[in-house]
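>>> Got a sequence here, can you model it:
(chains A and B)
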Amino acid sequence: MFSLQDLEAVFYFVCGFTECLDVPLGPTDCKQPDVHFTIDLRRILPPHPPRGTFALGAGGNLSPQLVFDIAVANESMPTLTEIDLQRYFSAGTGTRWWVGISIFKDVDGVTRWWVGHAYRRFVNGRFIDRAELHQESMPNVTSHNVDISIHTNLLFRISVQTLMHPCLPPAAYPDFIVINLEQIRQLVVSLL
Amino acid sequence: MEHELKATVEGALISYQANGLIPSSILTKLHSYTVDTDTFLCLDKAKEMVGGRFLYLEDGVIQFNECTRPPHAEIIGEIIKQVVKQDTSDVFIAGSGGGILLCMWFY
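Residues are numbered from 1 along each chain as shown, chains lettered A, B, ... in the order given. All right, here's what the predicted structure looks like:
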C-alpha cells in the first residue's frame, strides 16, 4: 500500500514535469543561475537528510544551494538586487546563498561594478523564503557604482553550514567558501 | 493579419527596448501568431537592438532575448576555479546555466 507521503511525492513528481518553470523574472524572461553548486549527496555521511530537507529541481535532482548571478551591462541594479534576488529565494527554489556580480561596462568611460551576496534567512530553526543581503555587499545605488579600476579587499565568506544544514560537512572541511573579489576584478579589468 | 502582427511586434519592441520587459497582454498576443521564416525576415523591424537585445524565431514563435557580453564567460570560469579549489572533499557539484524549478517538491 502507498502511504500518504508516497502519494504526495508522486503528485509533486508529476508537477515537476508539468510545471517546469525556471525562475521567472518577468512576463518574458526566465532565470537560470550563471554558476551554481549543488550538494552531492553521495559525499554526505549517513544518515542521509530526511525528505523535505533540500528542494528538488530539474530531473528530480537537488536544486543548487549556492548560485551566482553575473550580469555584464545587461541588467539594471533594481533588477539584479531586488527582482532577481527575491526570485532566487522564492518558495521551492532551494537557494541558500546567492552572489551577484554586475559589470556596468563602458568602453568610452568609466566601467563600474557592483558585487553583493545574500543568504536565505533562518528563523526559529527553519529556512524561510526571504533573502538577507549581506552587509559586505557594495552599496545598493542606481548610479555611480564603484569604479572597477579601484582595488578591493572584499572577500565574500559563504557559510558552508548554511549551505549544508542540517547535514555536516566532511571532517576538516573549511567553514567558509571564500570568494576573492579582487581576483575577479583583476580578471575583468584585464579583459575590458 | 500581417498588419496586426507588425503592430504587435512593434509594441513589444518598444517595451522591451525600454526596460527589457514585455507586458503579458502583448506577449500573449505575439505568441498566438505562428510565423514562418519569410514573414519574420520581412518584418519591417531591426532584428538587433541597442543593449545586445535581439529577437529571433523559434518554432514559429517570435522570441526576445539579450546577449551576454564579455567577460561574462570568463567570470564564470574564475568563480568555478575559486570554489572548486576550496571544495576539498568534492562536496559540491558545479554547474552553469541549469534551471531552477518553482514546484514545491522536496527530497
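>>> What helices and strands are in contact with the biggest helix by length in chain B?
Longest helix in chain B, counting residues (DSSP state H): helix B:2-19. Contacts defined by 3 or more CB pairs under 8 Å, 6 or more residues apart in numbering or on different chains; DSSP states H and E place helix B:2-19 against helix B:24-31, strand B:53-58, strand B:61-66. From N, CA and C alone the C-beta is placed, and that goes for glycine too.
>>> report the angle between the axes of the first one and strand B:61-66?
It stands for helix B:24-31. Helix B:24-31 runs at 130 degrees relative to strand B:61-66, counting by axes from the mean of the first three to the mean of the last three CA atoms, to 10 degrees.
>>> In helix B:24-31, which residues are buried?
Using 16 or more other CB atoms under 10 Å in any protein chain shown as the test for burial, helix B:24-31 gives B:26, B:27, B:29, B:30.
>>> Does chain A have contacts with it?
Yes - on the criterion CB under 8 Å from any CB of the partner chain, helix B:24-31 is in touch with chain A at B:24, B:27.
>>> How far off centre is that helix?
On the basis of CA atoms, centre = their mean, to the nearest Å, helix B:24-31 sits 15 Å off its chain's mean C-alpha point.
>>> Low-confidence ranges, chain A, go.
Under the criterion pLDDT under 70, the flagged ranges of chain A are A:1-31, A:57-59, A:74-80, A:82-83, A:142.
>>> Strands of chain A, residue ranges please.
In chain A, the segments counted as strands under DSSP state E are A:23-26, A:29-31, A:35-39, A:66-72, A:97-104, A:112-123, A:126-133, A:146-147, A:155-159, A:176-180.
>>> re earlier: please identify the buried residues of the longest helix of chain B?
Buried residues in helix B:2-19, counting neighbours by 16+ other CB under 10 Å, are found at B:5, B:8, B:9, B:11, B:12, B:13, B:15, B:16.
>>> the inter-axis angle of it versus strand B:53-58?
Here the directions of helix B:2-19 and strand B:53-58 differ by 140 degrees (the same axes, to 10 degrees).
>>> rewinding a little: now tabulate the helices and strands packed on helix B:2-19 in a markdown table and tack on mean pLDDT.
Putting these into a markdown table (pLDDT from 0 to 100) gives the following:
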| stretch | mean pLDDT |
| --- | --- |
| helix B:24-31 | 89 |
| strand B:53-58 | 75 |
| strand B:61-66 | 78 |
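>>> Format the ones you listed as JSON lines; extra columns: distance to residue A:172.
Formatted as JSON lines, these follow (distance: least, CB to CB, whole Å):
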{"stretch": "helix B:24-31", "distance to residue A:172": "51"}
{"stretch": "strand B:53-58", "distance to residue A:172": "48"}
{"stretch": "strand B:61-66", "distance to residue A:172": "43"}
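>>> Please name whichever of these is nearest to residue A:38.
Ranking the helices and strands packed on helix B:2-19 by proximity to residue A:38 (CB to CB) places strand B:61-66 first, at 25.7 Å.
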